[in-house]
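>>> sequence first, predicted coordinates after that:
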Number of protein chains: 2
Amino acid sequence: MASLGHVTPQTLEFADPLPLKSGASIGRYQLVYETYGTLNAAKSNAVLVCHALNASHHVAGSYAGQPKSEGWWDNLVGPGKPLDTDRFFVIGVNNLGSCFGSTGPMQVNPDTGQPWGADFPVVTVEDWVDAQARLLDRLGITRLAAVLGGSLGGMQALSWTLRYPQRVGHCIAVATAPNLSAQNIAFNEVARRAIITDPDFHGGHFYAHGVLPRRGLRVARMIGHITYLSDDSMEEKFGRSLRNGSVDGAPPELGYSTQEIEFQIESYLRYQGDKFSEYFDANTYLLITRALDYFDPAREHGGDLSRAFAAARAQRFLVISFTTDWRFPPARSREIVKALVDNRIDVSYAEIEAPHGHDAFLLEDPRYHGVLRAYFDRIAAELSI
Amino acid sequence: MASLGHVTPQTLEFADPLPLKSGASIGRYQLVYETYGTLNAAKSNAVLVCHALNASHHVAGSYAGQPKSEGWWDNLVGPGKPLDTDRFFVIGVNNLGSCFGSTGPMQVNPDTGQPWGADFPVVTVEDWVDAQARLLDRLGITRLAAVLGGSLGGMQALSWTLRYPQRVGHCIAVATAPNLSAQNIAFNEVARRAIITDPDFHGGHFYAHGVLPRRGLRVARMIGHITYLSDDSMEEKFGRSLRNGSVDGAPPELGYSTQEIEFQIESYLRYQGDKFSEYFDANTYLLITRALDYFDPAREHGGDLSRAFAAARAQRFLVISFTTDWRFPPARSREIVKALVDNRIDVSYAEIEAPHGHDAFLLEDPRYHGVLRAYFDRIAAELSI
């Protein structure tokens, strides 16, 4: 399998305001996106890849002059890879409210001349899907061969089939859920409180103060990381290993400190938190976790997910979950499968035995990638591409 | 079952320095404790109850003039209750480093005339047990009928059988583990980082600045609370309910806010965090989570828990776990049971099917309390009390 090589992000400006689910709207805005492969003459081979919390439009390939800049799903997307860019035209788009180029809280609000900050409107999964649909309009793509996403990206993929059923052939929803559980919301809320109560947050208008709420972002990311890994994989990787290794074969000494690092797992988490706080925007973190909280397609149907998916009768689905994912466990994917089956919708479901918890959806597990490869082969065969 | 009625804490001063596992020592110190029931003439009916993170010596009964001041295990301890104070002499003792009366970081360090703060020495489960043993010496109790504890209290109960095997008849270890997993340490570390990076923490010497690191304590408590409840019980209790109820039967409106409370679970967690930050000491939180991290009796035996428990051959054990406890799941209790069985030690093990997660050890579940009642009946019969 070859790599995609160097890729280049592109930007499109949108002049028409985007109405949002909250009732507000975003006036002029831009979306940053990348494409890989070639759109065929029939424009039938487009696959949209939706991103999760921490990712962006940069799905695959790398940037010229930037070593280690591979996209976040580079192991999946490329020539000869399961989502084969020799056959499919793959689109990655950065969502509104993000901090990676599309219009978001770090950018200047044209009404005030100041960064949006906390005034950036609350965006939902449905709003992102609407913005993605407009991007496809501009690219001249009427219908997607497939929409694909993991975690929060999977929610967008599901939402596509409900909002634009005539525009999607297949939906591939990985490691996701039909809504967040109370425990999921609880973890999001603790992360948000860590950010909001950081004195450098300034109600979300920290840009004007020349500071960043890094303490809060660090804690938020540490909490997130715990929920991305399985208990077992954390045990396997770190266990109770101390940061200080043994000296001359003797067991390592304990440091007896409450504030210094003693265990490897502490060192790992602090590193993840530090790194994240250097590049991620605090307001974006709030917006994206809120989009997760709000996603709940059954809500407008009295909590009945089967009724919600009645709108998706023309689609075909692949749903994938991972046995050790305790953030979005297999039982949550099975709820989606049940709602689809209730509607006699064509759905394939794979429950992958993988040790890596929620993070498994980003990793290169042969059974997982085998399922995706077979499914994309099927789509390609249908489309004769 | 009658209540214990009003109880009164007592204080003992200790003049001899207590050597600590870290190599440091604590000079003069005091321990606050409570007792319920009557020590018999043979002094054979004493039961020590060890407390967990957030609790104290105030195990049962209530304080005169203070409504709702029942002790934290009042449902278990009292006349006619499973741990029957008509038969047993029950002792609750506040551990060193706590913020509820025994010597701890809020108190004045006689060497400096200032509160100990972050200079309070790191205390371990073993150090607490040593201090508890000295308290028993002063009370004239040579041997305990039983030592009992849940969670971190269960670790102290286990440690008693290893450090003072000749002084304990029975060990009852509930909802505990032979050491923390990487995930357990990870949650503790995030909580500690939230506290330590609160600008009001001042390296642990916040008392001198007239401030309290409440933001950090709130976040720490919120994280803790998530791990005390099971996913299912949180779902049952809160689900996705909104804080704003429905108006005139219409479904409640969403508020579309990233900073305001939207879901009931958020309201609950914020309340728990606020309440905790009003009374708990930040340095104590660091010390107690570190004591959890460090507990690992197998460590000095090359990681072999069976070899560690060889020291406890004269004891008998009751080990109890709860099916939905994901903080200290049944598998961790089974490790303890295995190590005991390997040593041909008499152990009873009960895995209670309870929905409440780790918190179940504090609740009044009939099967759980039935097991404890039967076990204490057995002890009483052996002692003819």
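All right, it came through fine. Numbering: from 1, shown residues only, chains lettered A, B, ... in the order given.

>>> strands along the stretch 101-250 of chain A, start to end?
For the stretch 101-250 of chain A, strands defined by DSSP state E, counting those that start in this stretch occupy the ranges A:108-109, A:114-115, A:144-150, A:168-174.

>>> need these in JSON lines (columns: distance to A:P252).
From N, CA and C alone the C-beta is placed, and that goes for glycine too. What follows is the strands of the stretch 101-250 of chain A, written out as JSON lines (distance: least, C-beta to C-beta, whole Å):
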{"stretch": "strand A:108-109", "distance to A:P252": "52"}
{"stretch": "strand A:114-115", "distance to A:P252": "47"}
{"stretch": "strand A:144-150", "distance to A:P252": "38"}
{"stretch": "strand A:168-174", "distance to A:P252": "40"}
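
>>> and those, which is most packed in?
When you average the neighbours per residue for each of the strands of the stretch 101-250 of chain A (mean count of other C-beta atoms under 10 Å in any protein chain shown), strand A:144-150 leads with a mean of 28.

>>> just checking: what are the partner strands of it?
According to DSSP bridges, strand A:144-150 has the following sheet partners: strand A:46-50 (parallel), strand A:168-174 (parallel).

>>> in TSV: the strands of the stretch 101-250 of chain A, plus distance to B:C50 and mean pLDDT.
Supplementary listing: those in TSV, determined by distance: least, C-beta to C-beta, whole Å; pLDDT from 0 to 100:
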stretch	distance to B:C50	mean pLDDT
strand A:108-109	57	93
strand A:114-115	53	94
strand A:144-150	45	98
strand A:168-174	46	98
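
>>> B:P115 is nearest to which of the ones you listed?
strand A:114-115 (42.2 Å; C-beta to C-beta).

>>> what helices and strands are in contact with that closest one?
In this structure, strand A:114-115 packs against strand A:108-109, with contacts taken as 3 or more C-beta pairs under 8 Å, 6 or more residues apart in numbering or on different chains; DSSP states H and E.

>>> anything in the strand it packs on near chain B?
No. With C-beta under 8 Å from any C-beta of the partner chain as the measure, strand A:108-109 is seen stopping short of chain B, the closest distance being 15.9 Å.

>>> which stretches of chain A form helices?
If you assign secondary structure with DSSP state H, the helices in chain A sit at A:125-138, A:152-163, A:182-196, A:214-228, A:231-237, A:264-279, A:282-294, A:305-308, A:330-342, A:366-383.

>>> so of those helices, which one's packed in deepest?
Looking across these with neighbours counted as mean count of other C-beta under 10 Å, the highest average goes to helix A:152-163: a mean of 27.

>>> and chain B, is that one touching that?
No. Using C-beta under 8 Å from any C-beta, no contact is recorded between helix A:152-163 and chain B, whose separation bottoms out at 14.4 Å.

>>> verify the contact between A:W73 and A:H58 for me.
No. The pair A:W73 and A:H58 does not pass the contact test of C-beta atoms under 8 Å, sitting 9.4 Å apart.

>>> circling back: pipe the strands paired with strand A:144-150 into TSV and attach distance to A:V147 per row.
Putting the strands paired with strand A:144-150 into TSV (distance: least, C-beta to C-beta, whole Å) gives the following:
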stretch	distance to A:V147
strand A:46-50	5
strand A:168-174	5
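
>>> sorry, back to before: need the helices of chain A in TSV with mean pLDDT, can you?
Written out in TSV, the entries for those read as follows (pLDDT from 0 to 100):
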stretch	mean pLDDT
helix A:125-138	98
helix A:152-163	98
helix A:182-196	98
helix A:214-228	97
helix A:231-237	94
helix A:264-279	97
helix A:282-294	98
helix A:305-308	98
helix A:330-342	98
helix A:366-383	98
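
>>> would CSV of those helices with distance to B:N95 be doable?
Putting those into CSV (distance: least, C-beta to C-beta, whole Å) gives the following:
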stretch, distance to B:N95
helix A:125-138, 48
helix A:152-163, 43
helix A:182-196, 27
helix A:214-228, 27
helix A:231-237, 28
helix A:264-279, 23
helix A:282-294, 37
helix A:305-308, 49
helix A:330-342, 40
helix A:366-383, 48
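
>>> which of these sits closest to B:G65?
Minimum separation from B:G65 across the helices of chain A (C-beta to C-beta) falls at helix A:182-196, 35.4 Å.

>>> now that closest one - C-alpha only, CSV.
Listed next in CSV are the C-alpha coordinates belonging to helix A:182-196 (Å, rounded to 0.1, in the frame of the first residue of the first chain):
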residue,chain,number,x,y,z
ALA,A,182,-25.5,10.2,31.8
GLN,A,183,-21.9,9.0,32.5
ASN,A,184,-20.7,10.3,29.1
ILE,A,185,-22.3,13.7,29.8
ALA,A,186,-20.8,13.6,33.3
PHE,A,187,-17.2,13.2,32.0
ASN,A,188,-17.8,16.0,29.5
GLU,A,189,-19.2,18.3,32.2
VAL,A,190,-16.2,17.8,34.5
ALA,A,191,-13.9,18.6,31.6
ARG,A,192,-15.9,21.7,30.9
ARG,A,193,-15.9,22.8,34.5
ALA,A,194,-12.1,22.4,34.6
ILE,A,195,-11.9,24.8,31.6
ILE,A,196,-14.5,27.3,32.6
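
>>> same for it, what does it pack against?
Using 3+ C-beta pairs under 8 Å, 6+ apart, helix A:182-196 is in contact with helix A:214-228, helix A:282-294, helix B:214-228, helix B:231-237, helix B:264-279.

>>> contacts only, for the closest residue to A:E189 other than its chain neighbours.
Leaving aside its chain neighbours, A:E189 sits nearest to B:E266 (4.5 Å; criterion: C-beta to C-beta, 6 or more residues apart in numbering or on different chains). Under the criterion of C-beta atoms under 8 Å, 6 or more residues apart in numbering or on different chains, the neighbours of B:E266 are A:185-186, A:189, B:243.

>>> make it 10 Å
Contacts for B:E266 were tallied using C-beta atoms under 10 Å, 6 or more residues apart in numbering or on different chains; they are A:182, A:185-186, A:188-190, A:192-193, A:293, B:222, B:238, B:242-243, B:260.

>>> could you check the distance from A:D359 over to B:G140?
57 Å (C-beta to C-beta, to the nearest Å).
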